[in-house]
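Trainee: here you go, sequence then predicted model.
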Protein chains: 2
Amino acid sequence: MSTSHFLAEILEQPAVLSRLLTEGAAHARRAAEQIRQFMPEWVLVAARGSSDNAARYAQYLLGAHHRLGVGLALPSLVSLYGAPPRLGRALVIGISQSGQSPDIVGVVAAAAGQSALTLALTNDPDSPLARAAAYVLPLLAGEEKAVAATKTYSAELYTLAMLSAVLHQDAARVAADWTALERVPIAIQQVLESAAPSVLSAARAFAGAGKVVVIGRGFNYSTAFEIALKIKETSYLIAEPYSVADLLHGPVAMIDENFLAVVIAPSGPTLGEMITITEVLQHRGARVLSISDSADLLRRSHFGVDLPADLPEWLSPIAAVVAGQLFANALCGVLGRDPDRPRGLSKVTLTR
Amino acid sequence: MSTSHFLAEILEQPAVLSRLLTEGAAHARRAAEQIRQFMPEWVLVAARGSSDNAARYAQYLLGAHHRLGVGLALPSLVSLYGAPPRLGRALVIGISQSGQSPDIVGVVAAAAGQSALTLALTNDPDSPLARAAAYVLPLLAGEEKAVAATKTYSAELYTLAMLSAVLHQDAARVAADWTALERVPIAIQQVLESAAPSVLSAARAFAGAGKVVVIGRGFNYSTAFEIALKIKETSYLIAEPYSVADLLHGPVAMIDENFLAVVIAPSGPTLGEMITITEVLQHRGARVLSISDSADLLRRSHFGVDLPADLPEWLSPIAAVVAGQLFANALCGVLGRDPDRPRGLSKVTLTR
């Protein structure tokens, strides 16, 4: 059996990100300079699908590291209701692999027509989105052939992380963050080399039952959404993302022994809660696949993927999502699905 | 069998909202005056669970009617990362039935400590949330005994709608919006009187299969989230909310004949897309329960609940959610669940 585009692009990620760190640095510095001059009151991010999950990462990253309030755009306010918000003091970021989706372009164009500072993250620097924005951060990921995004998602996160690093005023902080960024491709390589047995065991044990919840918090709230989306769009299993708080405010009632819980738990301020929620989920009968650098949590879990311990929490989403991509791929293998041809999907979705 | 608190509180909603319109009007006018003076650059709403779905309604309402950009707060930036965003030019609204959740109080307290304008929507005007905010809009819904929120959710939406009405500068617009608001309790009464046969048929036909997607767009994106949450927390069935765009960007791949799709489709700019997505879902084998005033869509659907046609789209979420509450209640009846005692939940969830 030949390797799918989906798996080939998952495996390509260390090389893609290594190239991006070198070739994208100047773009990131130029955009950071503009943001420092503009001094936005707040940030609005317009995105759909996987890119919307990258937007969730931007919310925590720009919030925790730069005290910026970040909202997710409602494109239909422009496209259906003809009522773009007042964006004069906002930084408006459009994120789209293809740069084609008219609703995302519409938000950025509306912002550019006011006095907002506009930025596009896209894999196609000649796309309508790139043309609508004042500044472009190209993803430089090469063509993505699989419908389900993998390398462009990690490139979006990495681009945001590079932007955050060079946005700091303090040169020592910039240097420290950049050094941490340099470790990411190696960390992904480690996940690629070590995760296969665990995700395959979990997929074999679980493909029949088919109800998955993915739990993440803080920086990895985005990862929970992206892993759930990968599972849904390639294996067609039901998979729902939650933060710990969201789960406890209602949906926990549905959890029983028919569920697999994927728990994303790097070291940091979220780890204690992730261990507690793992106990709650196991008490209700769910099985757990943890993605963590905590030996304690990995030992308590039915299945576990090691996260490299030397990656700081703010960069852990870029490595953790790879474990989820491999799990989605393993589910496809066990279920006999072709991950390159999800039924009912095409690569560019032109929502309005 | 005695009536559950859950059903009793669903049935109470016309009376609760009629009282709120009279007794809450002065509070809404006072808050609107403050907002007009403050002239916020943007709005941040902090909420969890059902109240977070009311926040989604606020995003569309304040966006479409007042051109305000509205973001949803990430309470963990305050509680876990100690990094509240800069909120000096923001209107910050905390929404919580109990007013107790420390993470929501934390966001409003952090905003009040800057120069933000703060507002609390809560059913307990003596709660920590009410004390943290400069202005309080009391929900005046009476004690809610069921764990799953119903009358406090519709009271939150109605309070936001009242605030939006009196926030307009134009007196004729205020009067027109207020006249529309006066129709809401009657519209809910009509749904309560007409929905039972359809939701019971749908529940009987569907309780065994147990995979539900709830589709809404624009103002009713919030309704999709709230109906899905009601189903999850009372009947324990899997239920996922989507906008049309989100569904087409991936999750549509999982839809098959094991799904029930609840489609919320009032007349307005979203109706055409809702009819199209209904065809897509039916083509993939899903059965459809529509909540709509479109005779065409109701005729095409397997099950349908009539929405009163004289309610404008911006107020339709307050009537549409009642149909979903009744559907959740019917599912509980068919499945033999006690909707007053969801396993693993308590009325006040103190997330941090």
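Mentor: All right, it came through fine.
Trainee: which stretches of chain A have low pLDDT?
Mentor: Applying pLDDT under 70 to chain A flags residues A:1-2, A:209, A:343-352.
Trainee: can you give me the strands in the stretch 201-350 of chain A?
Mentor: Secondary structure of the stretch 201-350 of chain A (DSSP state E, counting those that start in this stretch): strands located at A:211-215, A:238-242, A:259-265, A:287-292, A:303-306.
Trainee: reformat those as a markdown table; add distance to residue B:56 and mean neighbour count.
Mentor: Using the backbone N, CA and C atoms, a C-beta is placed for each residue, glycine as well. Putting the strands of the stretch 201-350 of chain A into a markdown table (distance: least, Cβ to Cβ, whole Å; neighbours: other Cβ atoms under 10 Å in any protein chain shown) gives the following:
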| stretch | distance to residue B:56 | mean neighbour count |
| --- | --- | --- |
| strand A:211-215 | 21 | 25 |
| strand A:238-242 | 16 | 25 |
| strand A:259-265 | 24 | 27 |
| strand A:287-292 | 29 | 26 |
| strand A:303-306 | 33 | 22 |
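Trainee: tell me which parts of the stretch 201-350 of chain A are close to chain B?
Mentor: Residues of the stretch 201-350 of chain A that fall close to chain B, judged by Cβ under 8 Å from any Cβ of the partner chain: A:211, A:217-218, A:221, A:229, A:232-234, A:236-238, A:240, A:243-246, A:248-256, A:269-270, A:280, A:284, A:342-345, A:349.
Trainee: nearest to residue B:311, out of the strands of the stretch 201-350 of chain A?
Mentor: strand A:238-242 (31.1 Å; Cβ to Cβ).
Trainee: packing partners for that closest one?
Mentor: On a contact count with 3 or more Cβ pairs under 8 Å, 6 or more residues apart in numbering or on different chains; DSSP states H and E, strand A:238-242 meets strand A:211-215, helix A:221-235, strand B:238-242.
Trainee: in JSON lines, list the strands of the stretch 201-350 of chain A along with distance to residue A:203.
Mentor: JSON lines is the format used below for the strands of the stretch 201-350 of chain A (distance: least, Cβ to Cβ, whole Å):
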{"stretch": "strand A:211-215", "distance to residue A:203": "11"}
{"stretch": "strand A:238-242", "distance to residue A:203": "13"}
{"stretch": "strand A:259-265", "distance to residue A:203": "10"}
{"stretch": "strand A:287-292", "distance to residue A:203": "9"}
{"stretch": "strand A:303-306", "distance to residue A:203": "9"}
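Trainee: now the residue of the stretch 201-350 of chain A found nearest chain B: closest residue in space that isn't a chain neighbour?
Mentor: Of all residues in the stretch 201-350 of chain A, the one sitting closest to chain B is residue A:249 (3.4 Å; Cβ to the nearest Cβ). Nearest non-adjacent residue to residue A:249, counting by Cβ to Cβ, 6 or more residues apart in numbering or on different chains: residue B:49, 3.4 Å away.
Trainee: mind listing what that neighbour touches?
Mentor: By Cβ atoms under 8 Å, 6 or more residues apart in numbering or on different chains, the residues touching residue B:49 are A:246, A:249, A:250, B:149, B:229, B:349.
Trainee: go with 10 Å
Mentor: Applying Cβ atoms under 10 Å, 6 or more residues apart in numbering or on different chains to residue B:49 gives the contacts A:245-246, A:248-251, B:95-97, B:101, B:148-149, B:153, B:226, B:229, B:233, B:345, B:349, B:351.
Trainee: can you check residue A:270 too?
Mentor: Listed by Cβ under 10 Å, 6+ apart, the contact set of residue A:270 reads A:216-221, A:243-244, A:264, A:277, A:313, A:316, B:76, B:80-81.
Trainee: redo that, cut-off 8 Å
Mentor: A:217, A:218, A:220, A:244, A:313, B:76, B:80.
Trainee: ditto for residue A:185
Mentor: A:13, A:14, A:15, A:17, A:18, A:21.
Trainee: ok, now with 6 Å
Mentor: Counting by Cβ atoms under 6 Å, 6 or more residues apart in numbering or on different chains, residue A:185 touches A:14, A:17, A:18.
Trainee: can you get me a residue count around residue A:332?
Mentor: 25 (other Cβ atoms under 10 Å in any protein chain shown).
Trainee: tell me where the stretch 51-200 of chain A has helices.
Mentor: Under the criterion DSSP state H, counting those that start in this stretch, the stretch 51-200 of chain A contains helices at A:75-79, A:102-113, A:128-132, A:151-167, A:171-182, A:184-194, A:196-206.
Trainee: hmm, the first one touching chain B?
Mentor: When you say that, I think you mean helix A:75-79. Yes. Helix A:75-79 is in contact with chain B by Cβ under 6 Å from any Cβ of the partner chain, via A:76, A:77.
Trainee: could you list every helix and strand that that helix packs against?
Mentor: helix A:102-113 (3 or more Cβ pairs under 6 Å, 6 or more residues apart in numbering or on different chains; DSSP states H and E).
Trainee: next: the third one.
Mentor: Applying 3+ Cβ pairs under 6 Å, 6+ apart, we find helix A:128-132 packed against helix A:102-113, strand A:117-122.
Trainee: mind exporting that helix as PDB, just the C-alpha atoms?
Mentor: Only the C-alpha atoms of helix A:128-132 are listed here, as PDB (Å, rounded to 0.1, in the frame of the first residue of the first chain):
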ATOM      1  CA  PRO A 128      -7.200  37.100  -2.500                       C
ATOM      2  CA  LEU A 129      -6.600  37.000   1.300                       C
ATOM      3  CA  ALA A 130      -2.900  38.000   0.800                       C
ATOM      4  CA  ARG A 131      -3.900  40.800  -1.500                       C
ATOM      5  CA  ALA A 132      -6.500  42.100   0.900                       C
END
